[in-house]
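[1] Sharing a model that was predicted from the sequence below.
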Amino acid sequence: MIKLFLRYNILQFIWTILLSIHACRADLRSSYSQLHYGQKLERRMITSYDGYSILDCVEDCLRTTRCRSINYYQGAHFCQTNFEKRTTVPGLYIVKPGWIYSDIEDWDKEIAGACSRSNCRINEKCIPQPFDQFTCVISDCGEPRGEGFSMEHVREWDAIGITRGMHITCAAKYNQLGSELFVCRSNGTWRTDLSCHKNYENLSRRNKTVLTQSSTYRFNIASIANDGDVQTTEPKCAITALNHTKAWLQVDFGQPYIIHNVKIYHRREGDGPSAWKQYQFRQFYLDASNFSATQTTTSQRTRCYTDNTTAPDLPTNIIDIPCKQTARYVIVETTYDAPEDDYLDEHGAILEICEIKVYGCEVDTYGVDCMPCIGCQYCDKSSGVCDACEEMLMLSR
């Protein structure tokens, strides 16, 4: 057993020497002469490391298939590997005192040892093994791709490497649904709920649109939720009265429209421990209907969303809900009585909606650009093909 242990350690020592020889063989003088001092490539990082020499940083980049350049901060021995280089995104190549930038193509591949001959995939990294062998492991999730996705607001320390995160937003003329935070999972895929859709008209702001609510608290009338002000403090919100078993707020367009999504801003006074928050927003539901809230029960409507949050947890106070229906009314309703105001002897189901935006198109249109139907009033929402059945159904309502 001792002999085997000694033999293993001797082999490890020999392998370390061989790796050193690989690095020594590489011509480093030319590479060092091409370093860019006081420069850095921003916001295109794969990952980062502490305690690295610049040569360690170069070697890691050479072993990472997607890596195109490095940033190195010599004072802190801090390394960043990048998936772009200064010539591909010149607008992100900036002056940054203390940093050193280098294109990986300026370095001899032999620095990577056995990995200089690797066939790892684009999202993999080569890991050297004894006896001039190597293995490949997943290194990153790649650049997030999707219709309307924009990297314009990626932050300085965002990265595409495993366990790292990126902030991706929707491009101009696109409406954002979901969170902008992407997290790279260990299997090389992004965890995200973001989707981007071309902007639809805010139907809530049409001249004929009327907002009503089941009751009114003080001066917090329903129309406040349709004034374009998205502040979420009490004076800026439509609020229903106390001591009712049900509360609702209704958006009436006056005629059916193709609805795409509904964005709701609920009351939240602040982040402090004593600030009133979106307690009343738990367990609300969102319906679409061709009949008003006073004429229908929930079973007669089409449900778009139900919140299942229970105390003490809180839902988000700003929520964007897909609701792909053709309807005249959008109804937000609740029967939930939040316990947080019981000490004030305030009871009942209450809604505190500060703004509601309903995005969509007129019914005689199709597609994300709301193109007019040709030859009919009602057509398929995606293809524009005339839909006789839908036309008969809508005319019968």
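    Okay, I see it.

[2] Restricting to C-alpha, output stretch 120-128 in PDB.
    Output for stretch 120-128, consisting of C-alpha atoms alone and laid out as PDB, is shown next (Å, rounded to 0.1, in the frame of the first residue of the first chain):
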ATOM      1  CA  CYS A 120     -15.000  20.300 -26.000                       C
ATOM      2  CA  ARG A 121     -18.300  21.800 -27.100                       C
ATOM      3  CA  ILE A 122     -19.000  25.500 -27.200                       C
ATOM      4  CA  ASN A 123     -20.500  25.600 -23.600                       C
ATOM      5  CA  GLU A 124     -17.800  23.300 -22.100                       C
ATOM      6  CA  LYS A 125     -14.400  23.700 -20.400                       C
ATOM      7  CA  CYS A 126     -11.500  21.400 -20.700                       C
ATOM      8  CA  ILE A 127     -10.100  19.900 -17.500                       C
ATOM      9  CA  PRO A 128      -6.500  18.500 -17.800                       C
END
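
[3] Pull out the buried residues from that stretch.
    Of all the residues in stretch 120-128, those buried under the rule 16 or more other CB atoms under 10 Å are 120, 123-128. From N, CA and C alone the C-beta is placed, and that goes for glycine too.

[4] Among the residues you listed, which lie within helices?
    Within the buried residues of stretch 120-128, no residue falls in helices by DSSP state H.

[5] can you list those residues in a markdown table and add distance to Ala114 and pLDDT?
    Conversion of the buried residues of stretch 120-128 to a markdown table gives the following (distance: CB to CB, whole Å; pLDDT from 0 to 100):
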| residue | distance to Ala114 | pLDDT |
| --- | --- | --- |
| Cys120 | 12 | 97 |
| Asn123 | 20 | 97 |
| Glu124 | 15 | 97 |
| Lys125 | 13 | 97 |
| Cys126 | 8 | 97 |
| Ile127 | 10 | 96 |
| Pro128 | 5 | 94 |
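
[6] Relative to Asp313, which of those residues is nearest.
    Taking CB to CB as the measure, Asn123 is the one of these closest to Asp313, at 35.7 Å.

[7] I figured the closest one hits Cys67, correct?
    No: counting by CB atoms under 8 Å, Asn123 stays clear of Cys67, with 11.3 Å between them.

[8] Thr216: neighbour count?
    14 (other CB atoms under 10 Å).

[9] That one against Ala222, yeah?
    Yes: between Thr216 and Ala222 there is a contact under CB under 8 Å: 7.3 Å.

[10] Common neighbours of the two, please.
    With contacts defined as CB atoms under 8 Å, 6 or more residues apart in numbering, the residues shared by Thr216 and Ala222 are Ala238.

[11] what comes into contact with stretch 150-165?
    The contact list for stretch 150-165, computed with CB under 8 Å, 6+ apart, reads 42-48, 83, 138-144, 166-172, 180-186, 188.

[12] how about low-confidence regions in the stretch 101-250 of the chain?
    Applying pLDDT under 70 to the stretch 101-250 of the chain flags no residue at all.

[13] what about the strands in it?
    According to DSSP state E, counting those that start in this stretch, the stretch 101-250 of the chain carries its strands in the segments 124-129, 133-138, 149-150, 165-167, 169-170, 174-177, 181-184, 190-191, 195-198, 201-202, 210-213, 238-239, 247-266.
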